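# How does the following fold in three dimensions:
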Amino acid sequence: MDGHQEHADQADTLRSLSDRMGEAPQMNAGNNKTARVLSVTSGKGGVGKTAVVSNVAVALGRMGKRVLIIDADLGLANIDVVFGLAPRYNLNHFFSGQQSLESILVDGPPGVQILPAGSGVQQFTRLEASHKMRFLDDLENLPGDYDVVLIDTEAGISENVTYFNQAAQDILVVTTPEPTAITDAYALMKLLSSQYHEKRFNLIVNSVRHSDEALDVYRKLTMVSNRYLDISIDFMGGIPFDRKMYESVRRQKVMVEMYPGHKVSVAFEKLATTLIADQHRNEPKGSLQFFWKRLLSLGSGT
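Just a heads-up that it's a prediction; the model follows:
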């Protein structure tokens, strides 16, 4: 199939699904409840993105929030490993047509549910239009009353990464003080800004030795972006470096569960509080309904 035919087929599918949504705009997921949809992303692997997702999710669950984690790293998933889960099915089974989203949904810690992804399968590292449409259909009908949806993207600038970042209400970029991590974080924001018109980002600096180090990373990225990009970056804080993080990963427990009251756990809890308190967005992003329609519009040229 040539590129023009593929685009035409995708556009027809999008229009058809748009018509169906217009007929039934209310959706089961969230019961039209306003939810916060956040992508957690990074330009470089190994910066602790999944640790941010898992710890923030548990912290939110302890605050009485209902959280859905979508593991969008479809080739090298590890959210289930972090929580010590062994799900029978994952998103690979969904995209291959073997299971529904509801059948692969698993319970994590209190208040947290997870859509786990598969690992070691390259087939779905670039989703086709048909996969995205089926994903959208099932997400609409997913039972739940979520306050927050956290999308754990893969690292880098693949098509799947840009897809899920565009769909989210807010983009949380995770980096570390390492020069390569800072450079790759900037490259990701540059791509999303120049090619996908994303203008607002949130920055989380992981593995910092002291608070000034996190602020220094923020200043560097802000200075460069102010000069070369038309974007704004909000500083969400830093997560201290501590070797206990390695122990928590080894024991398949998140820090906020394993070491409550520890400085790292307190930092994650503070981040969780900031994320749910910071809802002063002017953009029409903020409900699950908008999230699904946002997914629908991607690639349709509308």
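
# need the contact list for I233.
Residues in contact with I233 (Cβ atoms under 8 Å, 6 or more residues apart in numbering) are 189, 201-203, 218, 221-222, 225. Placement of C-beta: from N, CA and C, glycine included.

# Could you dump the residues you listed into a markdown table and include neighbour count and secondary structure?
Converted to a markdown table, these look like this (neighbours: other Cβ atoms under 10 Å; DSSP: H, G, I helix; E, B strand; the rest coil):
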| residue | neighbour count | secondary structure |
| --- | --- | --- |
| M189 | 25 | helix |
| F201 | 24 | strand |
| N202 | 22 | strand |
| L203 | 22 | strand |
| Y218 | 20 | helix |
| L221 | 24 | helix |
| T222 | 16 | helix |
| S225 | 18 | helix |
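
# which residues in the stretch 151-300 of the chain form helices?
159-167, 179-196, 211-228, 244-250, 255-258, 263-277, 288-297 (DSSP state H, counting those that start in this stretch).

# Could you work out which of those reaches nearest to P109?
Closest to P109 of those is helix 255-258 (Cβ to Cβ; 6.7 Å).

# for that closest one, the distance to its chain's centre please.
Taking Cα atoms, centre = their mean, to the nearest Å, the mean C-alpha location of helix 255-258 is offset from the chain mean by 21 Å.

# can you check stretch 225-238 too?
The chain centre lies 19 Å from the centre of stretch 225-238; the measure is Cα atoms, centre = their mean.

# any idea of the mean pLDDT for that stretch?
Averaged over stretch 225-238, pLDDT sits at 95.

# Ok, stretch 135-142 next?
So the average pLDDT for stretch 135-142 ends up being 74.

# I'd like to know how many residues surround I171.
22 (other Cβ atoms under 10 Å).

# That one bridge partners, please.
Using DSSP bridges, the bridge partners assigned to I171 are S39.

# In contact with I182, which residues are there?
I182 touches 175-176, 217, 220-221, counting by Cβ under 8 Å, 6+ apart.

# switch the cut-off to 7 Å
By Cβ atoms under 7 Å, 6 or more residues apart in numbering, the contact list for I182 reads 175, 217, 220-221.

# pLDDT weak spots in the stretch 1-150 of the chain?
Scanning the stretch 1-150 of the chain for pLDDT under 70 picks out the ranges 1-34, 75, 77, 119-125, 140.

# And the helices in it?
Assigned by DSSP H, counting those that start in this stretch, the helices in the stretch 1-150 of the chain fall at 3-23, 49-62, 79-82, 91-95, 101-104, 129-140.

# For the second one, name the packing helices and strands.
Just to be clear, that refers to helix 49-62. Judged by 3 or more Cβ pairs under 7 Å, 6 or more residues apart in numbering; DSSP states H and E, helix 49-62 is in contact with strand 36-41, strand 67-72, helix 79-82, strand 112-115, strand 148-153, helix 255-258, helix 263-277.

# and what of the fourth one?
Contacts of helix 91-95 with other secondary structure elements, assessed using 3+ Cβ pairs under 7 Å, 6+ apart, are made with helix 101-104.
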